[in-house]
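K.L.:
Task: produce atomic coordinates for the following.
(chains A and B)
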Amino acid sequence: KQEVTQIPAALSVPEGENLVLNCSFTDSAIYNLQWFRQDPGKGLTSLLLIQSSQREQTSGRLNASLDKSSGRSTLYIAASQPGDSATYLCALGRNQGGKLIFGQGTELSVKP
Amino acid sequence: DAGVIQSPRHEVTEMGQEVTLRCKPISGHNSLFWYRQTMMRGLELLIYFNNNVPIDDSGMPEDRFSAKMPNASFSTLKIQPSEPRDSAVYFCASSHWTSGSTGELFFGEGSRLTVL
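P.N.:
Numbering: from 1, shown residues only, chains lettered A, B, ... in the order given. Sure, this is the predicted structure:
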């Protein structure tokens, strides 16, 4: 059974710091991996999607990597800002049908 | 496109009442997902449809829950009778899924259900 783990559950950093969020999974047979952001009381917003054949994707200050052999993905946030404060979730797409398996998320707080 | 649209945004009801949540996926998307989010259990997939056909309903907690997708632009999730433990935020999401697509998932704003 595929399991997705995100550690730490919560992270607090000062503004301007570069940071890395971790996502690990147990089964390397994945179709894609997606990182989401969720603000309190809101839905999930897709940040980056990495296909199984790719190793990383970049969007602005965000960079996501994928290492299937080690069962890990990381989300790198450069020069963090208070507006980056949110919960970040990773989700794995299985080979069949588009079903995603979510981690529990990392709650990020960026202090001014 | 307006994105995935869910209604109602908030619902407060009494135990035993029927609850119907509605979802309009993004036009052109052929896969639709219903998720439930609670503090204790995080995001749980309840059911998903591909081309209006239910593919996997193994996450539906019990027979009190049912979901339909009568056409490509509308889906409902019904709880009858509702119980306090059903209180959660219910999300609908959609994607365009083919063997050659990215499968990126887009979420609605959610329906917050409180059962008293």
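K.L.:
got the residues of chain B near chain A?
P.N.:
Proximity of chain B to chain A, by Cβ under 8 Å from any Cβ of the partner chain, involves residues B:4, B:31, B:33, B:42-43, B:45, B:48, B:50, B:55-56, B:91, B:93, B:95, B:97, B:102-110. Every C-beta, even on glycine, is put in place using the N, C-alpha and C of the backbone.
K.L.:
Would you list the phi and psi of residue A:60?
P.N.:
Phi and psi for residue A:60, reported as degrees, to the nearest 10, are phi 60, psi -120.
K.L.:
how much space between it and residue A:5?
P.N.:
Note on residue A:60: its distance to residue A:5, by Cβ to Cβ, to the nearest Å, is 26 Å.
K.L.:
Those two: which has the busier surroundings?
P.N.:
When neighbours are counted by other Cβ atoms under 10 Å in any protein chain shown, residue A:60 and residue A:5 differ, and residue A:5 comes out ahead with 14 against 9.
K.L.:
ok, now how distant is the closest residue to that one other than its chain neighbours from chain B?
P.N.:
In this structure, residue A:5 finds its nearest non-sequential neighbour in residue A:24, 4.9 Å apart by Cβ to Cβ, 6 or more residues apart in numbering or on different chains. Distance of residue A:24 to chain B, computed by Cβ to the nearest Cβ, to the nearest Å: 16 Å.
K.L.:
who's in contact with stretch A:7-16?
P.N.:
If you take Cβ atoms under 8 Å, 6 or more residues apart in numbering or on different chains as the criterion, stretch A:7-16 is touched by A:19, A:21-22, A:24, A:79-82, A:104-112.
K.L.:
Out of these, which end up buried?
P.N.:
Buried subset of those (neighbour count, 16 or more other Cβ atoms under 10 Å in any protein chain shown): A:19, A:21, A:24, A:80, A:104, A:105, A:106, A:107, A:108, A:110.
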